[in-house]
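Asker: Structure for this input, please:
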Amino acid sequence: MKHFFWMLSALLLSGLPAYAGEPALNQPPAGFVALFNGTDLSGWWGASTEDPAKYLALPPEELAKKKQASLADIQKHWSVDKGELVNDGQGLYVTTDKNYGDFEMWVDYKTVAKADSGIYLRGIPQVQIWDYTKDGGKWNIGADKGSGGLWNNAPGAPGKDPLVLADKPFGEWNHVRIVMVGERVTVFLNDKLVVDHARLENYFARANPVPRTGPIQLQTHGGEIRWRNAFIHEIPPEEANQILRNGGPDKKPADDGFVSVFNGKDFTGWAGPVDNYEVVDGAIRCKPGKGGTIYTTEVFKDFVAQLEIRLPPAGNNGLAIRYPGQGDTAYTGMCELQVLDSEHPQYAKLDPRQYHGSVYGIVAAARGYLRETGQWNFQQVTVKGSTIRVELNGTRIVDADVSKVTQFMGNAAHPGKDRTEGHFGFAGHNDPVAFRDVRIKKL
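Answerer: Okay, the predicted model is just below:
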């Protein structure tokens, strides 16, 4: 008994969930719900390796027909045996009816020699599961490194290969823990870290980020695989922001080189029309009906900025990048990164280069990754030379070299585009947009 309590204490101190390996079968722990009920396939349908963006765009009645038509194949190749979800190695992959955004998932699996499987996240392949032995015949494509990697990422990309080989011998149950925030994925296999906060690439459209939401799929082919204890916890915004700020789950704030440029109390270290802004609950907020660009007195060359942004309905603001301290930062600075309630009806007909995260008038951002109006969004901006990268809530929405852009909105000149240094700031446009936890790391 003393040994049990020592093990439990060690798990809690490690920051990992206290997963004992043998919980009550298919009964979720606190904060989780079961994906598989242990008795039947309720809540699942069947899909293959297919772009979820296409079927999620179907009219509801057509998607319902697609799901219904898949069930015959699922019933042929999937079954439930003593609380275990079993696939014979063939057929479509079980796919959740519900779509998920940010989540933590636990699942156990047990497979056989030469089988190949995986877990699709929001319908995107995949957390790889396969035969890691030489006899499996796939050492030439990475099986020797073990399971758990994001195998469909590009060669050499972070996360493609697992950090360690953590598979258990055939006949034993493996435990997988997956944390996904935005496109950032962390994977633990048998309590060993195998993927550390890496981007999941969009297999179906490499130039685009993965969908904001989508289903979980259990992929199987080539041999029997059994699943049990499939649980999921949907991560709320505050928890997601903390994971992103810390660089992954279970990590504590570290001396990572970021320095706060806003003290949460007043405008010390800031210049410009600061009287048009106010500090409310530790956040900088533009006063309604006011605006102008406020900026750090410090000048930055190459840097990474992290901050949280909260938009009111139809809110409009911007991030001033390498601002000279005068003029409209969209033109006199390197750029303005748009801050906007993009989905508000009044903005339905904007130029694509005007929506949230866009390099204003120069480069369009991927849309659809803002949280609901009134929630805090986590944004990271990396400015290096002439390149700008914007990550919103863990998803990369801009990755561009502005020096190579030759076509601009309205054919307007951007004389400041090639600036190599300047201030960081906020370009208010009459709306009470708020910013907090503003940190910058010089590169």
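
Asker: residues in contact with the spatially most central residue of the chain?
Answerer: By Cα atoms, centre = their mean, the mean C-alpha position of the chain lies nearest to G182, the distance being 1.3 Å. Neighbouring residues of G182 by Cβ atoms under 8 Å, 6 or more residues apart in numbering: D102, A240, L244, Y369, E391, L392, N393, G394, T395. Backbone N, C-alpha and C define where each C-beta goes, glycine included.

Asker: Distance check, the residue lying closest to N153 once chain neighbours are set aside against R199.
Answerer: Leaving aside its chain neighbours, N153 sits nearest to K160 (4.1 Å; criterion: Cβ to Cβ, 6 or more residues apart in numbering). The gap separating K160 from R199 is 10 Å, by Cβ to Cβ, to the nearest Å.

Asker: Spit out the residues that contact the two alike.
Answerer: N153.

Asker: who touches T133 in this structure?
Answerer: Here T133 is in contact with A113, A143 (Cβ under 8 Å, 6+ apart).

Asker: Next, find the distance separating it from I141.
Answerer: 14 Å.

Asker: Over to M105?
Answerer: M105 sits 25 Å away from I141, going by Cβ to Cβ.

Asker: Those two - which one has more neighbours?
Answerer: M105 (21 against 10; other Cβ atoms under 10 Å).

Asker: you'd agree the more buried one is in a strand?
Answerer: Yes: according to DSSP: H, G, I helix; E, B strand; the rest coil, M105 belongs to a strand.

Asker: what about it, distance to M180?
Answerer: 8 Å.

Asker: Repeat that for F378.
Answerer: 15 Å.

Asker: More neighbours: the two, which one.
Answerer: Taking neighbours as other Cβ under 10 Å, F378 and M180 compare with M180 leading, 27 against 24.

Asker: Provide the partner residues of that one in its beta bridges.
Answerer: Judged by DSSP bridges, the bridge partners of M180 are F103, V185.

Asker: Could I get the pLDDT score of F4?
Answerer: Note on F4: pLDDT of 36.

Asker: Please name the nearest non-neighbouring residue to the residue nearest to the centre of the chain.
Answerer: In space, G182 is closest to G394, 2.0 Å off (Cβ to Cβ, 6+ apart).

Asker: Return the residues in contact with the one you found.
Answerer: D102, V181, G182, E183, R184, A240, L244, F378.

Asker: Which two of those residues have the greatest separation?
Answerer: E183 and F378 (13.1 Å; Cβ to Cβ).

Asker: Let me know the closest of the contacts of G182 to D401.
Answerer: E391 (16.7 Å).

Asker: how about the strands in the stretch 151-300 of the chain?
Answerer: Ranges of strands in the stretch 151-300 of the chain, per DSSP state E, counting those that start in this stretch, are 174-181, 184-189, 192-199, 217-221, 225-234, 259-260, 270-271, 277-280, 283-286, 291-296.

Asker: Please identify which of those strands is closest to N430.
Answerer: Smallest distance to N430 across the strands of the stretch 151-300 of the chain (Cβ to Cβ): 5.2 Å, for strand 291-296.

Asker: Check which element follows the closest one along the chain.
Answerer: Counting by DSSP states H and E, the next helix or strand C-terminal to strand 291-296 is strand 303-310.

Asker: what lines up beside that next one in the sheet?
Answerer: Checking strand 303-310 against DSSP bridges gives partners strand 376-384 (antiparallel), strand 434-442 (antiparallel).

Asker: Ok, which of those strands comes nearest T297?
Answerer: strand 434-442 (12.7 Å).

Asker: Would you mind listing the buried residues in that closest one?
Answerer: Within strand 434-442, the residues that count as buried by 16 or more other Cβ atoms under 10 Å are A434, F435, R436, D437, V438, R439, I440.

Asker: Could you tell me what pLDDT the model assigned to G159?
Answerer: 98.

Asker: what do you get for A143?
Answerer: Per the predicted model, pLDDT is 88 at A143.

Asker: how close does it get to A240?
Answerer: Taking Cβ to Cβ, one finds A143 at 33 Å from A240.

Asker: ok, now E62?
Answerer: Applying Cβ to Cβ, the value for E62 to A240 is 32 Å.

Asker: more crowded one of those two?
Answerer: A240 (25 against 11).
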